[in-house]
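> next input, structure requested:
(one chain, ligands or ions: 2)
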Amino acid sequence: MGGLFGVRAAGLRCARGPRDPEPARAVRCQCPDPLPFKGGPSWTRERTLVAVKPDGVQRRLVGDVIQRFERRGFTLVGMKMLQAPESVLAEHYQDLRRKPFYPALIRYMSSGPVVAMVWEGYNVVRASRAMIGHTDSAEAAPGTIRGDFSVHISRNVIHASDSVEGAQREIQLWFQSSELVSWADGGQHSSIHSA
Ligand code: IDP
Ligand code: MG
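Ligands and ions are numbered 1, 2, ... in the order given. Below is the predicted model:
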């Protein structure tokens with residue numbers, strides 16, 4: 001069956017072999033361009049931080065989230081599961097520190113592992129906000145991640161950066177640059193490099 005934009009999924013061969021001694025930069029993939037058109041170099045580099053929160057991880061929603069972003073056509077450039085340190089959460093939510101729900105928010109985000117990801121693609125910041133839906137689950141539209149999986153604002157499953165500047169700040173907070181890869185479009189043959 002043809003995949004996205006008529007590309008056969010069987011043609012994707014990006015996985016590194018278990019014995020590959022080199023870091024990601026050594027990998028060459030026969031990856032078709034997932035985009036239906038070519039753009040300038042600037043827009044392809046937009047990145048955002050997406051994190052499945054502890055309730056989403058506990059409810060086994062990580063796979064669904066990844067699938068939605070992959071199917072939309074975005075590119076995963078970093079991912080890790082971690083128990084978020086309180087220092088990271090404090091900086092991440094610094095704008096909310098005076099809100100009455102802030103202590104509960106930090107407790108919630110510390111209550112289990114999160115899966116943090118960096119996704120790349122055209123307008124990925126704005127698109128991912130639309131994909132996750134309204135902060136308040138009661139307002140989140142069906143079809144959005146929060147609209148499909150969450151019933152309360154205090155357990156809303158997922159985070160996504162809300163601006164390009166915020167995304168840059170959050171990516172630097174959650175990831176070392178060595179933990180991210182770059183997908184270099186080499187026409188029919190793409191390769192991935194350490195960022
Ligand atoms: P966002 O996650 O949609 O960007 P923000 O306003 O940045 O929303 O709030 C960050 C997180 O804080 C929310 O996702 C939610 O988990 C929590 N939060 C926001 N407002 C409330 C509230 O009124 N009660 C409880 N938790 C809240
Ligand atoms: Mg926010």
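
> hmm, Tyr102 is touching His92, no?
No. The pair Tyr102 / His92 is not scored as a contact, 11.7 Å apart, by Cβ atoms under 8 Å. The way it works is simple: take the backbone N, C-alpha and C, and place the C-beta from them, glycine included.

> residue ranges of the strands in the chain, please?
28-29, 47-52, 75-82, 114-120, 158-160, 181-184, 190-194 (DSSP state E).

> compare these and say which comes out lowest on pLDDT.
Among the strands of the chain, strand 28-29 carries the lowest mean pLDDT, at a mean of 46.

> ok so, going back, now tabulate the strands of the chain in TSV and tack on distance to ligand 1.
Compiled in TSV, these are given as follows (distance: least, Cβ to the nearest ligand atom, whole Å):
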stretch	distance to ligand 1
strand 28-29	33
strand 47-52	10
strand 75-82	18
strand 114-120	12
strand 158-160	5
strand 181-184	26
strand 190-194	30
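
> out of these, which is the most enclosed?
Greatest average neighbour count among these goes to strand 47-52 (a mean of 26), per mean count of other Cβ atoms under 10 Å.

> name the strands paired with that strand and say parallel or antiparallel.
strand 114-120 (antiparallel), strand 158-160 (antiparallel) (DSSP bridges).

> now do it: distance to the chain's middle.
Mean-position distance between strand 47-52 and its chain equals 4 Å (Cα atoms, centre = their mean, to the nearest Å).

> tabulate the strands paired with strand 47-52 (a markdown table), appending distance to Leu96.
Converted to a markdown table, these look like this (distance: least, Cβ to Cβ, whole Å):
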| stretch | distance to Leu96 |
| --- | --- |
| strand 114-120 | 17 |
| strand 158-160 | 12 |
